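1. sharing a model prediction with you, sequence too.
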Amino acid sequence: MNPLNTSVLLIYTGGTIGMIENAATGALENFNFEQLQKYIPELQKFNFPIDTYQFDPPMDSSDMEPDMWRKLVRIIHDNYNRYHGFVILHGTDTMAYTASALSFMLEGLDKPVILTGSQLPIGVLRTDGKENLMTSIEIAIARNKEGRALVPEVCIFFENHLMRGNRTTKMNAENFNAFRSFNYPVLAEAGIHIKYNNVQIHGNGEERELKPHYLLDTNIVVLKLFPGIQENVIATILGIEGLKAVVLETYGSGNAPRKEWFIRRLCQASERGIVIVNVTQCSAGMVEMERYETGYQLLQAGVVSGYDSTTESAVTKLMFLLGHGYTPDEVRDRMNRSIAGEITL
């Protein structure tokens, strides 16, 4: 591909960035994305083509489903050879889930897929959307001297920080710094210049072929522990018909109650083929089940470590692995391996 023909596909799924305030009601409503040029005339200053694809109707990210992840993968795959990079405009509420899912579904990715959005609509004077969008486009076309993409992975760009998608969590509903990558360094920081943290970015030494994946299994539950949780609650959740996996949100470095009934219920579920993955409720840090006796008992019950995985990443990785028909033991084994840089081993 000729570097002079650099181009970006901008995919608008929905979200605050593409909303406008109804003058009568004050409520935020989706508007036709063709109006983007009106609100961001600076787009015309890019000296390369930016094409757009719009979800019709646009989606609130609270309604985001695996079917939409499949749609995004299909759009990227169908247009892969036509563009240098892809920018996805997405609502913030489930952006970390979408970014995590895409990181597993786009195997062999060697082009940037940057998700971004905003906390304030693009038409509002103080919007953060304009800056997020412009910088995301710049990152999507950034290349090294050999003409290879500087960031050949699925990322989230928000408030001056580029983060690996499957390492992010939305942690602020009020401020512009909505996302944080607690357990992995940022991939780039945007100031006067964009400074890339090349050591932390997926290596891109050789050309890879994109292999899209569409199979996902959503028979998963997230179980968050709290002091006083009842046996009947645990029993009911682990007894859900068709359940294949549990993301168990434990305390601290992977600790849980030592009650006999709790360990027994987990043990029985594991024996029935339910994969139980231990992630911490803490924003930062990792699960170390060998560290305390409470964590060691979980290991004995067949629970596998989620290491420093986010809940969003653990959920989507399980969907991905279960969708591909692996046995429970194979899923457990692959949860202990990094597929797309989602865990630190």
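-> In hand now; what should we look at?
2. quick one: the helices in the stretch 201-345 of the chain?
-> Here the stretch 201-345 of the chain has its helices, by DSSP state H, counting those that start in this stretch, at 231-238, 260-271, 293-300, 311-323, 328-335.
3. meant to ask about the stretch 51-200 of the chain
-> For the stretch 51-200 of the chain, the helices defined by DSSP H, counting those that start in this stretch occupy 66-78, 95-105, 129-141.
4. for stretch 143-162, which positions count as buried?
-> Buried residues in stretch 143-162, counting neighbours by 16 or more other C-beta atoms under 10 Å, are found at 149-162. Yep, even glycine has a C-beta here, placed from its N, CA and C like the rest.
5. between the helices of the stretch 51-200 of the chain, which one is closest to Gln230.
-> The closest of these to Gln230 is helix 95-105. By C-beta to C-beta, the value is 28.4 Å.
6. run the angle between that closest one and helix 311-323 for me.
-> Helix 95-105 and helix 311-323 are oriented at 40 degrees to each other (axes from the mean of the first three to the mean of the last three C-alpha atoms, to 10 degrees).
7. report the angle between helix 95-105 and helix 66-78.
-> Relative orientation of helix 95-105 versus helix 66-78 (the same axes, to 10 degrees): 50 degrees.
8. which secondary structure elements does helix 95-105 contact?
-> Other helices and strands packing on helix 95-105, by 3 or more C-beta pairs under 8 Å, 6 or more residues apart in numbering; DSSP states H and E, are helix 66-78, strand 113-116, strand 154-158, strand 169-170, helix 311-323.
9. what's the spacing between that helix and its chain's center?
-> Its chain's average C-alpha position is 4 Å from that of helix 95-105, according to C-alpha atoms, centre = their mean, to the nearest Å.
10. what are the contacting residues of that helix?
-> If you take C-beta atoms under 8 Å, 6 or more residues apart in numbering as the criterion, helix 95-105 is touched by 61, 64, 66, 68-70, 72-73, 88, 90, 113, 115, 117, 153-156, 164-166, 168-170, 179, 212-214, 216, 310, 312-313, 315-317, 319-320, 339-342.
11. coming back round to it: and the helices of the stretch 201-345 of the chain as JSON lines, adding mean pLDDT and distance to Gly18?
-> Listed next are the helices of the stretch 201-345 of the chain as JSON lines, based on pLDDT from 0 to 100; distance: least, C-beta to C-beta, whole Å:
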{"stretch": "helix 231-238", "mean pLDDT": "97", "distance to Gly18": "37"}
{"stretch": "helix 260-271", "mean pLDDT": "96", "distance to Gly18": "43"}
{"stretch": "helix 293-300", "mean pLDDT": "84", "distance to Gly18": "44"}
{"stretch": "helix 311-323", "mean pLDDT": "98", "distance to Gly18": "23"}
{"stretch": "helix 328-335", "mean pLDDT": "97", "distance to Gly18": "36"}
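12. so which of the ones you listed gets nearest Ile220?
-> Here helix 311-323 is closest among the helices of the stretch 201-345 of the chain (C-beta to C-beta), at 5.3 Å.
13. could you dump the helices of the stretch 201-345 of the chain into TSV with mean neighbour count and distance to Asn198 added?
-> Formatted as TSV, those follow (neighbours: other C-beta atoms under 10 Å; distance: least, C-beta to C-beta, whole Å):
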stretch	mean neighbour count	distance to Asn198
helix 231-238	14	44
helix 260-271	16	41
helix 293-300	16	35
helix 311-323	25	23
helix 328-335	17	28
